[in-house]
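Peer 1: from the sequence below, what's the structure:
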Amino acid sequence: MTTTTLAVLVPLLPFLGSVAGLLLGRTAPGYVRPLAVLPTVAAAVLAVVVAVRQGGGKAIDAATQLTPTGSVPIDLALYIDGFAALVAVLVGVVATCVQIYSTGYLREDPRYPSYAALVSLFTSAMLLVVYSGDLMVLLVGWEIMGICSYFLVGHYWETPEARAASLKAFLVTKLGDVPFLIGLFALATDAGTFRITGVLGAVARGELDHPTVVALLLLAGVAGKSAQFPLHTWLPDAMAGPTPVSALIHAATMVAAGIYFTARLLPVFAASAAAMTVLAVMAAITMVGSALAALAQDDIKRVLAYSTIGQLGYMAGALAVGDRGSAVFHLLSHGAFKALLFLAAGTVIHAAGTNSLTAMSRMSGLAKRIPDAYWTMTVALLALAAIPPFAGFFSKEAVLVAAEHTALGERTVAPAGAGWTVLVAGLLTAFLTAAYALRLWLRTFRGRGAEAPHHGRQPIAMTSVLWVLAIPSLGFGLTVTYLDDWFDGNALTPTVTTAVLGTGLAAAGAVITYAVWRTLAARTPVTAAAQAPVPHVAHPDADAGLVEAEALHLPHPAEDPADPGRALLGPLHGPAADGFHLDAVYRTAFVRPVLAAASLVRFLDREVVDTYVRAAGTSAKGLGWLVRRAQTGNVQTYLSALLAGSVVLAIVAVALANAVGA
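Peer 2: Numbers count the residues shown, from 1 in each chain. Below is the predicted model:
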């Protein structure tokens, strides 16, 4: 079988599994789990085969025209270079782990068939984005992911949080997708084709007439999809969905799509120095802001959500300095350890038996009760904090090295100012990342909250996946010297300067956080409220979110005196915990004006338009009443009216004649 045929099957198999799962979910529920897992496993295996055959060498390029569309044709095209091959492997492996994990995590959920089908469709859409060689076909996968995220984030639609989060995710990403679509059309108009190879060829020949406008329009879509400032606010709220969905979205599908798209079309963005500068500033604000916000969160999933935003900022920063190799390298590394972090957090939630215990201030005794999650999450947090030799160290260092080269003028793809912006923000974020990673570990596994009821041993489908993902989280970075051919031939090895600075700042962040935690723990007695037992709440899914902290009369997270994040942030803690009030800004700038305009339209419709409509109806009704009153059926009345009318006409005629005669 040819490599092209195998590549076509990679996104096709999960799609067919999704369709079959939806059709058989009610009539043959016993087939749902095999249809969810097996096609995804097969797609992952085929993605590995395609990657081995591609080998980091010449790109696989094949196309067939779908249908004549006028001056700019749309082709069903494949374009698989080293980046695409490796990212497809990541998507396949993470999606497989999520599907297997979900068989245990959602084993009693009555909506599991639709959930599993949507996860398969989500996977298929991302694989289509990865392999597509035509921008319009890529857009199809791009938008399918958007609608899948809407349904999956809103899986627990009984809760207002899930409904609001799914709607917010859909609307905010669509806010970026509108200019993104305009940018795609403008790009195709300048290049004369939607084919990625044709677009890149046009850029190389200098045939783009409006590179800055096109790049900025495309960046709006990238900011929405990959949760970059200022369109990142949907991602923390998306934690209302099932935790395996969070792992899939954050590690291998939706948020990775924008970064991957930018990496694939990087020459388009590099054609505009202004666009690269905007991307660098956007990445720097995203990195630092999200790290500060993560340091102030009490919900474990929201910490990880802001962490994802920050790591995506690193990837965007690498692209802003013109190095797509380090960006995709960090995308791959991050995909492994972030999937592990979310799935380990899901194990914590599952063990607690209630989503209310995602609050770290309420956790206690988890290290001994769930050792698999404890050890694997420790590995993932070390990778997140970029501690050598874990994977995150090598990939984050590759980003910092690329920024250093641009800042010093050794790389001229982007302005030197962009390099300094990314480098300084990246080093500061390294300090903050280590701080919030250690804070999460201490408060989750060394906390002094109430010990939740024990819900028994975790399913093997959940714990085995954790150890599978721990392997690349620990060892993927060690393959850095063998991946040059897959990443444009550029070396990704760390340099002494950035390694010392980055690791030193990370170590400083961890040491300071630990010292503050020890000091606060010694000063703060264990209160009765913190030790109050958490009541057992039985429901089929541990992530249903039906139990709220307020209902249990628990202390507010911001009032926890033993939180090192509160001491480290000081006056910034309140704004950071609320995402720096960006949602409030959106409500003031967009939501309230739209609601006010809607109220005005409703008023005009009710008081003006409806008034005229009602008046017309009332007038017709009154005229009908008068006509009806005149039709009595009495002949004498009709003759009297005729005589009276004749007399009136005669009088009028005489009066007119006299007037004329005078």
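Peer 1: strands of this structure, residue ranges please.
Peer 2: Secondary structure of the chain (DSSP state E): strands located at 60-67, 74-80.
Peer 1: angle of the longest helix along the chain against strand 74-80?
Peer 2: As assigned by DSSP state H, the longest helix anywhere in the chain is helix 160-191. Counting by axes from the mean of the first three to the mean of the last three C-alpha atoms, to 10 degrees, helix 160-191 lies at 100 degrees to strand 74-80.
Peer 1: buried residues in helix 160-191?
Peer 2: Using 16 or more other C-beta atoms under 10 Å as the test for burial, helix 160-191 gives 161-162, 165-166, 168-170, 172-173, 175-177, 179-184, 186-188, 190-191. Bear in mind the C-beta positions are built from the backbone N, C-alpha and C, glycine included.
Peer 1: quick check: mean pLDDT of that helix?
Peer 2: In this model, helix 160-191 has a mean pLDDT of 93.
Peer 1: which elements pack onto it?
Peer 2: With contacts defined as 3 or more C-beta pairs under 8 Å, 6 or more residues apart in numbering; DSSP states H and E, helix 160-191 has these neighbours: helix 135-153, helix 196-204, helix 211-225, helix 234-237.
Peer 1: let's have those in TSV, adding distance to Ala280 and mean pLDDT.
Peer 2: Shown next, in TSV, are the helices and strands packed on helix 160-191 (distance: least, C-beta to C-beta, whole Å; pLDDT from 0 to 100):
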stretch	distance to Ala280	mean pLDDT
helix 135-153	24	94
helix 196-204	20	94
helix 211-225	11	95
helix 234-237	21	92
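Peer 1: turn these into TSV, including distance to Ala596.
Peer 2: As requested, the helices and strands packed on helix 160-191 are exported to TSV (distance: least, C-beta to C-beta, whole Å):
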stretch	distance to Ala596
helix 135-153	26
helix 196-204	42
helix 211-225	25
helix 234-237	23
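Peer 1: what's the closest of those to Glu108?
Peer 2: For Glu108, the closest of these is helix 135-153, at 18.1 Å, according to C-beta to C-beta.
Peer 1: next, the angle from the closest one to strand 60-67.
Peer 2: Using the same axes, to 10 degrees: helix 135-153 against strand 60-67 is 90 degrees.
Peer 1: list the buried ones in helix 135-153?
Peer 2: Quick answer for helix 135-153 (16+ other C-beta under 10 Å): 135-139, 141-142, 144-146, 148-153.
Peer 1: can you state the direction angle for that helix and helix 211-225?
Peer 2: Using the same axes, to 10 degrees, helix 135-153 lies at 20 degrees relative to helix 211-225.
Peer 1: returning to that earlier point: and Leu642, which of the helices and strands packed on helix 160-191 is closest to it?
Peer 2: Closest among those, using C-beta to C-beta: helix 135-153, at 73.3 Å.
Peer 1: and that closest one, what does it pack against?
Peer 2: Short answer (3+ C-beta pairs under 8 Å, 6+ apart): helix 135-153 packs on strand 74-80, helix 112-131, helix 160-191, helix 211-225, helix 243-251, helix 254-264.
Peer 1: so what touches the shortest one?
Peer 2: Meaning strand 74-80. 4, 7-8, 50, 54, 59-67, 88, 131-134, 136-137, 194-197 (C-beta atoms under 8 Å, 6 or more residues apart in numbering).
Peer 1: just the C-alphas of it, formatted as PDB.
Peer 2: Backbone C-alpha positions of strand 74-80 (Å, rounded to 0.1, in the frame of the first residue of the first chain) are rendered in PDB as follows:
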ATOM      1  CA  ILE A  74      -9.900  23.700  -4.500                       C
ATOM      2  CA  ASP A  75      -8.000  20.500  -4.300                       C
ATOM      3  CA  LEU A  76      -8.100  17.400  -2.100                       C
ATOM      4  CA  ALA A  77      -4.400  17.600  -1.400                       C
ATOM      5  CA  LEU A  78      -1.900  16.000   1.000                       C
ATOM      6  CA  TYR A  79       1.200  17.800   2.000                       C
ATOM      7  CA  ILE A  80       3.200  15.800   4.600                       C
END
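Peer 1: helix 254-264 and that one, what's the angle between them?
Peer 2: 90 degrees.
Peer 1: what residues of strand 74-80 count as buried?
Peer 2: Applying 16+ other C-beta under 10 Å to strand 74-80 flags Ile74, Asp75, Leu76, Ala77, Leu78, Tyr79, Ile80 as buried.
Peer 1: nearest to Phe390, of those residues?
Peer 2: Ile80 (29.1 Å).
Peer 1: please, where are all the helices along the stretch 401-550 of the chain?
Peer 2: With DSSP state H, counting those that start in this stretch, the ranges of helices along the stretch 401-550 of the chain come out as 416-445, 460-475, 496-523, 528-531.
Peer 1: and those, which is most packed in?
Peer 2: helix 416-445 (a mean of 24; mean count of other C-beta atoms under 10 Å).
Peer 1: which elements pack onto it?
Peer 2: Using 3+ C-beta pairs under 8 Å, 6+ apart: helix 416-445 touches helix 273-296, helix 300-320, helix 366-369, helix 371-384, helix 391-407, helix 496-523, helix 564-569.
Peer 1: and the contacts of the fourth one?
Peer 2: With contacts defined as C-beta under 8 Å, 6+ apart, helix 371-384 is touched by 307, 311, 333, 336-338, 340-341, 344-345, 347-348, 351, 366-367, 390-393, 433, 437-438, 440-441, 444-445, 458, 463, 466-467, 469-470, 473-474.
Peer 1: by mean pLDDT, flag the weakest helix or strand of this protein.
Peer 2: The weakest-scoring helix or strand in the chain, judged by mean pLDDT, DSSP states H and E, is helix 528-531 (a mean of 44).
Peer 1: in the stretch 201-350 of the chain, what spans have low per-residue confidence?
Peer 2: Within the stretch 201-350 of the chain, the set of residues satisfying pLDDT under 70 is empty.
Peer 1: what about stretch 647-662, average pLDDT?
Peer 2: Mean predicted lDDT for stretch 647-662 stands at 84.
Peer 1: mind putting the buried residues of strand 74-80 into a markdown table with distance to Gly206 and pLDDT?
Peer 2: Listed next are those as a markdown table, based on distance: C-beta to C-beta, whole Å; pLDDT from 0 to 100:
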| residue | distance to Gly206 | pLDDT |
| --- | --- | --- |
| Ile74 | 25 | 82 |
| Asp75 | 24 | 85 |
| Leu76 | 29 | 89 |
| Ala77 | 24 | 91 |
| Leu78 | 27 | 93 |
| Tyr79 | 22 | 94 |
| Ile80 | 27 | 93 |
